[in-house]
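J.: predicted model and sequence below, questions to follow.
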Amino acid sequence: MSLSSQLIESGHTIVESITAADIVIVNTCLVTAATESKTRRMISAISREKPGIKICVTGCLAQQSPLEIKKKLPVTWVVGNTQKSEIARILDQNSDGIFHDELNSPQKITIAKSIQTPFESKRTRFFLKIQEGCNFRCAYCIVPLVRGPSRSVDQDEILSVFEKAIDAGYKEIVITGTHIGQFDAPSSTVKNSLHMLVETLARKPGDFRIRLSSLDPRDISEEFLNLIATHPKICRHCHVCMQSLSPVILKKMNREIPDFDGFVNLLSRFHFAYPEVGIGGDFIVGFPSETDDQFLETVINVKKLGFCYGHVFRYSRRPQTSAAAMDGQIDESRKTERSQKLRSVLDESHSAFIEQAKKNIQTILIENLEPVSGLASNYLRVVVPKTEAVKNSWLQVRITAYDPLIGHCLAERVA
């Protein structure tokens, strides 16, 4: 959203399809080797679909391999993460080229100053970036190498953009970053700066709610969970990047939780006290040397902690990470088997969560009108047939069923 605002400010028009575009910007990811391969194929496919189109590649792949991307793929500009905020200027002032700096020194993080309204951007949620980079070194992850150490946006700048987003009409503000738990307000002496920031934002006047993006389990406290569950302006939704729920595997991943049993008990008590709060997670199956019993620990704890959905990834061997050289690499068939098993368990938890959600009235933020659909505070996507509503408005509904074909709940309007 920040980039689109900058492009519009500089005179560009955002279009709906590649065939109508003169320039395509591809924001790349390096989470897995498979993701990188898909991205390369997609870039080639765009060039084939519209010969002569100018392609700008940015993001993590552009940061890692700028020379290779420019040489081997049909691209005009390669812009690394260090110069991502300069894309609008680069496109206007340069006919082609590589724009890349090494991540060997802290880079200042800036966010959009000019904000489109929800109707101009065609979105009902505003994504507010508060930090970039990560200070952890998880064994499977290349992100710190292509995004650098954690750097935080100045808190006054965050507050200013937050207020502008509310004034522009956004009713849901999503707090995002590479690792938002590492947000650090230099003026704060409180260890959990994220907690303090969220409380500060939630006190602002206006008709809005705040949603948190992914949280690391090491950043979660009882006080923070209670804030999520009880504050009227904070979404009742918590997405935890667990990756595994086996303490042995977490240690091998370099993601050790100092008091693992204490964390499990904390999240278990939270789920028991607030069963209507949506708890989601990320999970990696088939990490090197993961035994059947260790995988089973994850399965058992997913059930115990009430994860109502999850993103399940088969471990992908990523060069330049320590896990790639580990002994005990798991064969792909076993990874697939474990992935299917964990997804099945999560599906069961999801069904139970929907049954729980049926007991309460849900407030959804309307995103689409044909049919009327939107997102509930607890992260359930809801369709309300045979009704009328206004986009970017609140609607109270009662969930009646779940449609697996569309992956949405069905609901009726509450008068």
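T.: Done, it's in.
J.: what is the neighbour count of Pro385?
T.: 12 (other C-beta atoms under 10 Å). Using the backbone N, CA and C atoms, a C-beta is placed for each residue, glycine as well.
J.: could you do the one 4 residues further on as well?
T.: The local packing of Ala389 (other C-beta under 10 Å) involves 19 other residues.
J.: let's verify it: helix, strand, or coil?
T.: coil (DSSP: H, G, I helix; E, B strand; the rest coil).
J.: list the residues that contact it.
T.: Ala389 makes contact with Ile366, Leu369, Val372, Leu395, according to C-beta atoms under 8 Å, 6 or more residues apart in numbering.
J.: next structured bit after whichever strand or helix holds the last one?
T.: Take DSSP states H and E as the rule and Leu395 turns out to sit in strand 394-403. Elements were assigned by DSSP H and E; along the chain past strand 394-403, the next helix or strand is strand 408-413.
J.: now that next one against strand 394-403, angle please.
T.: 130 degrees (axes from the mean of the first three to the mean of the last three C-alpha atoms, to 10 degrees).
J.: now do the buried residues in strand 408-413.
T.: His408, Cys409, Leu410, Ala411 (16 or more other C-beta atoms under 10 Å).
J.: ranges for the strands of the stretch 301-415 of the chain?
T.: Counting by DSSP state E, counting those that start in this stretch, the stretch 301-415 of the chain has these strands, from start to end: 309-314, 362-369, 372-376, 381-384, 394-403, 408-413.
J.: just say which of these is most tucked in.
T.: strand 372-376 (a mean of 23; mean count of other C-beta atoms under 10 Å).
J.: so Gly280 is in which element?
T.: strand 278-285.
J.: buried sites along that strand?
T.: Gly278, Ile279, Gly280, Gly281, Phe283, Ile284, Val285.
J.: and the furthest pair within those residues?
T.: Greatest spatial distance in the buried residues of strand 278-285: Gly278 and Val285, 22.0 Å, computed using C-beta to C-beta.
J.: what packs against the longest helix along the chain?
T.: Counting by DSSP state H, the longest helix found in the chain is helix 332-357. Contacts defined by 3 or more C-beta pairs under 8 Å, 6 or more residues apart in numbering; DSSP states H and E place helix 332-357 against strand 278-285, helix 292-305, strand 309-314, strand 394-403.
J.: that one: which residues count as buried?
T.: Here helix 332-357 shows 335, 338-339, 341-343, 345-346, 349-350, 353, 356-357 as buried, counting by 16+ other C-beta under 10 Å.
J.: over to stretch 27-43?
T.: For stretch 27-43, by 16+ other C-beta under 10 Å, it's Asn27, Thr28, Leu30, Thr32, Thr35, Glu36, Thr39, Arg40, Ile43.
J.: His100: which of those residues is nearest?
T.: After measuring these against His100 - C-beta to C-beta - the closest member comes out as Thr28, at 13.2 Å.
J.: now the closest one: phi and psi?
T.: phi -100, psi 160 (degrees, to the nearest 10).
J.: now swap in Gly133 and tell me
T.: For Gly133, the backbone dihedrals are phi 90, psi 180 (criterion: degrees, to the nearest 10).
J.: just use 463 as the starting number from now, easier for me
T.: All right, first residue 463 from here; so that's Gly595.
J.: quick one: residues contacting it.
T.: Pro606, Arg609, Gly610, Pro611, Ser612, Arg613, Thr640, His641, Gln644 are the contacts of Gly595 under C-beta under 8 Å, 6+ apart.
J.: Gln644 is in contact with the first one, correct?
T.: No. With contact defined as C-beta atoms under 8 Å, Pro606 does not count as touching Gln644 (11.1 Å).
J.: can you put the strands of the stretch 763-877 of the chain in TSV and add mean pLDDT and distance to Pro694?
T.: Formatted as TSV, those follow (pLDDT from 0 to 100; distance: least, C-beta to C-beta, whole Å):
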stretch	mean pLDDT	distance to Pro694
strand 771-776	96	24
strand 824-831	96	11
strand 834-838	97	15
strand 843-846	97	20
strand 856-865	97	13
strand 870-875	97	21
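J.: do you know which of these lies nearest Phe588?
T.: strand 824-831 (11.6 Å).
J.: now the strand holding Leu857 and strand 824-831, what's the angle there?
T.: Relative orientation of strand 856-865 versus strand 824-831 (the same axes, to 10 degrees): 90 degrees.
J.: so what strands line up beside strand 856-865?
T.: strand 824-831 (antiparallel), strand 870-875 (antiparallel) (DSSP bridges).
J.: distance to Asn543 added to the ones you listed, as CSV?
T.: Listed next are these as CSV, based on distance: least, C-beta to C-beta, whole Å:
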stretch, distance to Asn543
strand 824-831, 29
strand 870-875, 34
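J.: so which of the ones you listed is nearest Gly631?
T.: Of all those, strand 824-831 comes closest under C-beta to C-beta, at 11.8 Å.
J.: so how far is the closest one from its chain's centroid?
T.: 20 Å (C-alpha atoms, centre = their mean, to the nearest Å).
J.: with stretch 490-507 instead?
T.: Computed by C-alpha atoms, centre = their mean, the chain-centroid distance of stretch 490-507 equals 18 Å.
J.: what do you get for stretch 726-742?
T.: With C-alpha atoms, centre = their mean, you get 21 Å for stretch 726-742.
J.: what does stretch 734-753 give?
T.: 16 Å.
J.: which residue ranges of this structure form helices?
T.: Going by DSSP H, the chain shows helices at 464-471, 495-511, 522-526, 528-534, 549-555, 580-583, 605-609, 617-630, 655-664, 684-692, 709-714, 722-735, 754-767, 794-819.
J.: most tightly packed of the ones you listed?
T.: helix 522-526 (a mean of 24).
J.: picking up where we left off before, and the strand holding Gly742, what does it pack against?
T.: strand 699-705, helix 754-767, strand 771-776, helix 794-819.
J.: what does it contact?
T.: 602, 676, 698-707, 715, 729, 733, 757, 760, 764, 767-777, 797, 800-801, 804, 815, 840-842.
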